[in-house]
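A.B. asks: structure for this input, please:
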Amino acid sequence: MHVVLAGGGTAGHIEPALALADALRRQDPTVGITALGTERGLETRLVPERGYELGLIPAVPLPRKPTPELITVPGRLRGTIKAAEQILERTKADCVVGFGGYVALPGYLAAKRLGVPIIVHEANARPGLANKIGSRYAAGVAVSTPDSKLRNARYVGIPLRRTIATLDRAAARPEARAYFGLDQNLPTLLVSGGSQGARRLNEVIQAVVPFLQRAGIQILHAVGPKNDLPHVDNMPGMPPYIPVPYVDRMDLAYAAADMMLCRAGAMTVAELSAVGLPAAYVPLPIGNGEQRLNAQPVVKAGGGLLVDDAELTPEWVQQHVLPVLADQHRLYEMSRAASEFGRRDADDLLVGMVYEAIAAKRAG
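C.D. replies: Numbers count the residues shown, from 1 in each chain. Prediction:
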């Protein structure tokens, strides 16, 4: 059996694809796996690092919304569809699983031409153009939110790294806090704006650090690798404030924390919900509003707070985040609500959909 994964471009597309690849290999170590990608995407580093084959096709960016540029897409897609077809034929692909992004649409159209079954996975609450088109031809559509607008969608969640999907926060907490140099007993706030950081979150948290420390809160702050590390003057006896450029071990960061201040990317929301970590979500103010939609279900379930980027101030953190961190019962209730909403088994559910699609094709 050979499965081709189409999810290049950003970590939000690549990580779920790689989590599925790992789950497929756990089920059957002999399965062949090829990931489609372009020369400009993160997949050129991430896919080979994880030990999977990468098949490169030309990049054809898709407009996020209907524009006159859409008219030129079919002509520009021809070459990249042909390149995707050649990869599917060479690998004798049994199924194409797409996660959106630049490489998904060529993968879907090549699979349709060759009669290869398609599975679509949509991570965001608001589907992208590639997955809207791919879902029309798909043998199965998997989504991350229970109220998706895609037809015939099955709610499975987002495939997560095993270190996250199997994380026991309470059991890992002593090791996690020692790893980052945190106090074992103090309430802990984790702050991160994603892999690149977020200037708005950085500025607000740096302004409110002294107030939080005086209130007995310690902070682990991933500022982003391209941002300057703030000067730290931890006074003796005060809770630590630990800024780092980047966190390689997000599983340990989640285990160390009692609450997180973060953006609301689909992967972030899925991971925090799965491990039961309450969060104050600050949706990215640009784009099509998908980050707010990503966070709304878990916030509605009681597993988080939601604040607009423009309304995030040091005063808001004092008035809304600090009371949660200071209340062990509220932290427990929010954690329980988040974990009840979260899904840890999306990778295995998606493997089942792949097997169903392949079996139906062979039976037909």
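
A.B. asks: switch to C-alpha atoms for all contacts and neighbour counts from now on
C.D. replies: Will do.

A.B. asks: which residue ranges of this structure form strands?
C.D. replies: For the chain, the strands defined by DSSP state E cover 2-6, 32-37, 53-56, 95-98, 118-122, 140-143, 153-155, 188-192, 218-222, 241-244, 259-262, 279-281, 304-306.

A.B. asks: who's in contact with A255?
C.D. replies: L167, D168, R169, A170, A172, R173, A176, R177 (CA atoms under 8 Å, 6 or more residues apart in numbering).

A.B. asks: what residues are up against the closest residue to it other than its chain neighbours?
C.D. replies: Using CA to CA, 6 or more residues apart in numbering and skipping the chain neighbours, the partner closest in space to A255 is R169 (4.3 Å). The contact partners of R169, taken as CA under 8 Å, 6+ apart, are Y254, A255, A256, V275.

A.B. asks: tell me the most packed of the residues you listed, by neighbour count.
C.D. replies: Counting neighbours by other CA atoms under 10 Å, A256 leads the contacts of R169 with 28 neighbours.

A.B. asks: quick check: which ranges of the protein have low pLDDT?
C.D. replies: 61-75, 195-197 (pLDDT under 70).

A.B. asks: which residue lies farthest from the center of it?
C.D. replies: Relative to the centre of the chain, and counting by CA atoms, centre = their mean, the farthest-placed residue is P236 at 37.8 Å.

A.B. asks: and T10, what is it in contact with?
C.D. replies: So T10 contacts G41, L42, E43, G101 (CA under 8 Å, 6+ apart).

A.B. asks: quick one: the first one from E15, how far?
C.D. replies: G41 sits 13 Å away from E15, taking CA to CA, to the nearest Å as the criterion.

A.B. asks: pretty sure I205 is touching L312, no?
C.D. replies: No - with contact defined as CA atoms under 8 Å, I205 does not reach L312; the gap is 9.8 Å.

A.B. asks: so for the two, which sits in the more crowded spot?
C.D. replies: A side-by-side neighbour count of I205 and L312, using other CA under 10 Å, places I205 first with 20 against 17.

A.B. asks: of the contacts of A255, just the buried ones, PyMOL syntax please.
C.D. replies: The PyMOL command for the buried members of the contacts of A255 (criterion: 16 or more other CA atoms under 10 Å) is given here:
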select buried, resi 167+169+172+173+176+177
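
A.B. asks: distance to I219 added to the contacts of A255, as a markdown table?
C.D. replies: Conversion of the contacts of A255 to a markdown table gives the following (distance: CA to CA, whole Å):
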| residue | distance to I219 |
| --- | --- |
| L167 | 21 |
| D168 | 21 |
| R169 | 17 |
| A170 | 18 |
| A172 | 18 |
| R173 | 15 |
| A176 | 13 |
| R177 | 11 |
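
A.B. asks: I'm done for today, thanks for sticking with me.
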